[in-house]
Structure formats: structure tokens, C-alpha cells
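Colleague: starting from these lines, generate the structure:
(one chain, ligands or ions: 1)
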Amino acid sequence: MDATDIVVLGGGPGGYAVALRAATRGQSVTLVESALVGGTCLHWGCISSKALLHVGELLDQVRESGRFGLDLTVNGIDIDGVNAFRDKVQSQLHTGLDALLKARGVDVVPGRGTVADDGRTVLVDSGRRATGRALVVATGSQVRSLPGVDVDGRVVITSDEATRLPRIPRRALVIGAGAVGLEFASLYRSLGAEEVTVVEALDRIAPLEDPDLSRALARAFRKRGITTLAPALVESVKVDGETATVTVATGGDERRFEVDTVLVAVGRAPRTDGIGLDALGVLEQTGHVRVDEWCRTAADGVYAVGDLLAPPALALAHAGFAEGFLVADVIAEVGRGVPVDYEQVPRVTYTAPEVASVGLTEPQAVQAGHEVAVSSYSFRGNAKGIIHGSDGFVKTVVAREGEDRAGGESGQVLGVHVIGPHATDLIAEAQLITSWGALPAEVAQLVHPHPTLAEAVGEAHLAAAGTPFHTH
Ligand code: NAI
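Modeller: Residues are numbered from 1 along each chain as shown. Below you'll find the model as predicted:
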């Protein structure tokens, strides 16, 4: 039996963040992983899709090259070459992560682990046992299925297959307009699919985002030739050979689509079945693991991080990193160990155009009892935005009440919402604004470099502070 300070079950972003941080805190760590360290994010999710989306972005730029006075054409897409590019990105990151874990002395044990009844020991199918002072469960999530829709991995697929990009769809129907569905719809169109339709059960696409962002993204998709139907329900999916006939109920009508690809993107479920957690009494009925703000379960010495956590935790790789740091610090009893504030975790969707947000949406702010003022700034008034040829805007949601520290007319910034070029990078500054409870007038004092897209964040807050600059 191997004895160690911490045993981590699962080597995705949550689990490996625990391991790397704990090692720097002087803890010995055993990490049990059944597939590859890096987990879903690195091998079947975030990184794979972002590499593919980058290819899509290049294709769109070539198609629009006439606008820049260039005469470029897409002569073809070598799908093996595209997949090789994605593999290269992943393998570089995977090799780096492997080396980092080794350099920090983390004992990575390959194999499928289950938790023994003592809540301290992981039994690995290779026969090894690892016992720790503390156990961290980080087994992640898996794609959720849709009752009545059989995933055959060929015509009807999930993100597991989609990130492998077996072929380029000509006609695709995507079920679910969350991040996965929207990103693949965007990708398929960029790769040249003639027909892309997104079906969303709720009343708008990107339903977790501010409604203005949902509307703007639906409009941008329409301009790109992507159809979005919301609210709409898939009634049946029938596969015949290489074609699926999908019946969709929307707005009192029934519509039929003949497609070669149906992507089921209706969320992910916690991967907590059959790994010994029932006996510990740490599971919710949904299969999520219940934890307190320190990621401690009800079982003494057992912690959990990552996608398997129940809401308000977010199934996002960067939330998993933050939970991992927290747990490692709590176990090692060092560092400041601040609980993760999920409201302040940025949300990013890599569609064209990109969507990103942090803090409260306008309706959430109102529901929380705030009187709010909103300001927005269009990328059409921003030099870099014009160079990029992008639409989109930065919207800031500001509380009207509250102390006025900086001479502005309003209170604290509660949320920032961006749709447009590099929104997923721009949100990093917005995160500082909302997390530190900045006032618009304080943000307005910050000098943004010119010309940059980031100026749009500054401009939205200049307007919110009552001192608009390049705004009519
Ligand atoms: P999701 O839960 O974010 O979205 C699924 C969508 O499907 C929801 O809008 C839901 O209303 C809709 N839906 C459910 N059942 C439906 C039905 N029968 N018909 C039509 N629509 C239906 O899940 P998603 O997009 O699969 O992503 C899984 C997780 O991975 C999420 O936590 C997501 O945030 C995360 N993720 C994050 C990314 C990023 O940060 N860029 C990229 C991809 C995924």
C-alpha cells in the first residue's frame, strides 16, 4: 500500500490543479487517472474545440479577404491536416503537463480507481492501493444523453465525437444552445457547412447570458447563415443510412430537417457512478457531489473539485483550477484559501463572434433587488473593432445605489457582458472590475492603450460614469 498526504482521483483540470498546488505546499500527492492527465478539457473538450475554432476563424478571414484588398481563396480543407494540428496542440500541452507533474514529484498512477469504504483509500484496477490523509474526488463529467435520441457516433454524435472532427458536415442540426452547441454550430458554418440549425428548448440561445448578448448572437448567427430556433423541441430523430430526419416543434409549427449530422449538446452529467461514493453519503440525487464552500464533503477528509460539484459551482475548467488551488491550500493548511465566488467566474464562449461575461446579467441584478443603470459601447466605434470589421459591444450593468467613492453618478459595477472580437480575452479586465467592486468612475480613470479592443471596456465605463467619450 502507498501512503501519501493526498490521493487525488481524476487528473483533469480540477484534479491536476490540486496535485500541482499541493506539491508546491510540500504535500506528497498520488494522482490516479484512468485515461490521460489533462482530462476532458485537454483531450476531448475545451482545447480540442478551440484549436478547431481557430481553423474556422482563419477560414472566415480568408473568405472575407476582399475587404482588406486581398484576393485569397480557400482551395480546400485537408481534414487530416486539421486534425493533426489539433493533435499537435494537445500533445504539446499533454507533454508539458506530464513533465510538470513529474517535476513536482506527483506520483501519477494509471488505472481506474474506486474509493474504499474508509474514505481514504483508492483501489486501482491495476491492483495498487493508495491511501492518503485526505482524498480529493475529481472524476469530472460526461455528456448527457437525450431520451429517445440514440447517439450512434456517426450521424448522431456528441462533443466526444465532434472534437475528433471525423468529417465536415454539409447539413447539421445542433440540439442545445449552450456553449458546446453554439461553438460547434459556429465551427461547422466556418468549415463550410451549407446548413446549420440550432434548436434550443429555452426561449433564447445562450440562455445563461444577458438577454442582449443572446439577441446579438442570434442576429450575428443569422447573418452568417446559421438558423437558431428557440424555444423549440426536438420531437424525433430518425436515422436512415447517412441521413437523419429530425422533427422539431417550434412556434406552433412542426419542421423537418434532413441532415447528415445531429450534434446532441444538452449538457454534461457528473461522473460519480460506481466509484464507491454512494457508501460515503456524499452524493446528491442528481449524482453531483455535495460540498461546502471549502469543497469539503460530509465525509471527513474527503474533498471534491471540478465538474462533479453541484450548483452553484460551474462546470468550467477554470472553476476547477480555482477549486483545486483552494482544496490544496485547505489540506496543507497554508495560504489564504478563499472560497470560489462563482458569480465572479468569467463565462466564455468561443463562437464567431465570441461571447464572454462576468458578474450579474441585467435581469439577475434586478432580481437581486438592485436598481440598475446599463451602458454599452459598440465595437463599431472602436478603431481596432473597425479594423477587425466586427460588430458587437461591451455592456456594463451598474448598481444605482451605493457609496460614491469617485465622484461618479452611480454605484458599483455588477456585471460586464461582451460580444465581439476577442471577448474571451477582454473579459479578464472586466473580472477585475466586478470582483473588486469598482465604480464606473474608477474604471473611467484607467488609461486604456490606444488603439486596442480593450478601449471598448474603458468606453463603456466612461459612459456609465456620465463622461462618455466616443459615444453619441
Ligand atoms: P449547457 O447546459 O451549457 O447547455 C445545454 C443547452 O441545451 C441548454 O441551453 C439547455 O436548455 C438545452 N437543452 C437541454 N435539453 C434540450 C432539448 N431536449 N432540446 C433542446 N435544447 C435542450 O451544456 P453544454 O453546452 O453541453 O456544455 C456542457 C458544460 O461544458 C457546460 O457547463 C458548459 O459551460 C461547459 N462548456 C464550456 C465551454 C466554454 O467555457 N467555452 C465550452 C463548452 C462547454
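Colleague: how near is the residue nearest to residue 56 when sequence neighbours are not counted to residue 198?
Modeller: Computed as C-beta to C-beta, 6 or more residues apart in numbering, the closest residue to residue 56 that is not its neighbour in sequence is residue 190, at 3.0 Å. All C-beta spots, glycine's among them, are computed from the backbone N, C-alpha and C. As judged by C-beta to C-beta, to the nearest Å, residue 190 and residue 198 stand 14 Å apart.
Colleague: what's the spacing between the residue nearest to residue 56 and the ligand?
Modeller: Relative to the ligand, residue 190 is positioned 16 Å away (C-beta to the nearest ligand atom, to the nearest Å).
Colleague: so that residue makes contact with residue 54?
Modeller: No - taking contact to mean C-beta atoms under 8 Å, the distance of 10.0 Å between residue 190 and residue 54 leaves them out of contact.
Colleague: which of the two has more neighbours?
Modeller: Neighbour totals were compared for residue 190 and residue 54, and residue 190 leads with 24 against 16 (other C-beta atoms under 10 Å).
Colleague: what's near enough to touch that one?
Modeller: Shown here is residue 190, whose contacts under the criterion C-beta atoms under 8 Å, 6 or more residues apart in numbering are 53, 55-57, 59-60, 352.
Colleague: among the residues you listed, which lie within helices?
Modeller: Secondary structure assignment by DSSP state H places 53, 55-57, 59-60 of the contacts of residue 190 in helices.
Colleague: without its sequence neighbours, what residue ends up closest to the residue in the stretch 351-472 of the chain positioned nearest to the ligand?
Modeller: Ranked by C-beta to the nearest ligand atom, the top residue of the stretch 351-472 of the chain for proximity to the ligand is residue 424, at 7.6 Å. With C-beta to C-beta, 6+ apart as the criterion, residue 424 has its nearest non-adjacent residue at 4.1 Å, and that residue is residue 348.
Colleague: ok, the one you found - contacts?
Modeller: Residues 354-356, 423-424, 427 are the ones in contact with residue 348 under the rule C-beta under 8 Å, 6+ apart.
Colleague: who in the stretch 51-200 of the chain is up against the ligand?
Modeller: Residues of the stretch 51-200 of the chain that fall close to the ligand, judged by C-beta under 6 Å from any ligand atom: 146, 175-181, 183, 199-200.
Colleague: next, format those residues as CSV and append neighbour count.
Modeller: Supplementary listing: these in CSV, determined by neighbours: other C-beta atoms under 10 Å:
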residue, neighbour count
146, 19
175, 25
176, 24
177, 28
178, 18
179, 23
180, 24
181, 26
183, 26
199, 28
200, 27
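Colleague: mind picking the two most distant members of those residues?
Modeller: Comparing every pair within these by C-beta to C-beta identifies 146 and 183 as the most remote, at 18.3 Å.
Colleague: mind checking the SS state of residue 463?
Modeller: Secondary structure state of residue 463, per DSSP: H, G, I helix; E, B strand; the rest coil, is helix.
Colleague: for residue 289, see how far away the residue in the stretch 301-450 of the chain that the ligand sits nearest to is.
Modeller: Scanning the stretch 301-450 of the chain for the residue nearest the ligand gives residue 315, at 3.4 Å (criterion: C-beta to the nearest ligand atom). Counting by C-beta to C-beta, the separation of residue 315 from residue 289 is 12 Å.
Colleague: now residue 309
Modeller: From residue 309 across to residue 289, the span is 6 Å (C-beta to C-beta).
Colleague: which neighbours do these two have in common?
Modeller: A shared contact of residue 309 and residue 289, defined by C-beta under 8 Å, 6+ apart, is any residue touching both; here these are residue 270.
Colleague: next step: the contacts of residue 348 restricted to strands.
Modeller: Restricting those to those inside strands, with DSSP state E as the criterion, leaves 354-356.
Colleague: nearest to the ligand: which residue in the stretch 101-250 of the chain?
Modeller: When distances are taken as C-beta to the nearest ligand atom, the stretch 101-250 of the chain approaches the ligand most closely through residue 178, which lies 2.0 Å from it.
Colleague: could you find the closest non-adjacent residue to residue 262?
Modeller: Using C-beta to C-beta, 6+ apart and skipping residues adjacent in sequence, the residue nearest residue 262 is residue 156, 4.5 Å away.
Colleague: now do residue 59
Modeller: Nearest residue to residue 59, sequence neighbours excluded (C-beta to C-beta, 6+ apart): residue 190, at 5.3 Å.
Colleague: what's the distance between the one you found and residue 94?
Modeller: 26 Å.
Colleague: quick one, longest helix in this protein?
Modeller: Taking DSSP H as the assignment, the helix of the chain that covers the most residues is helix 79-103.
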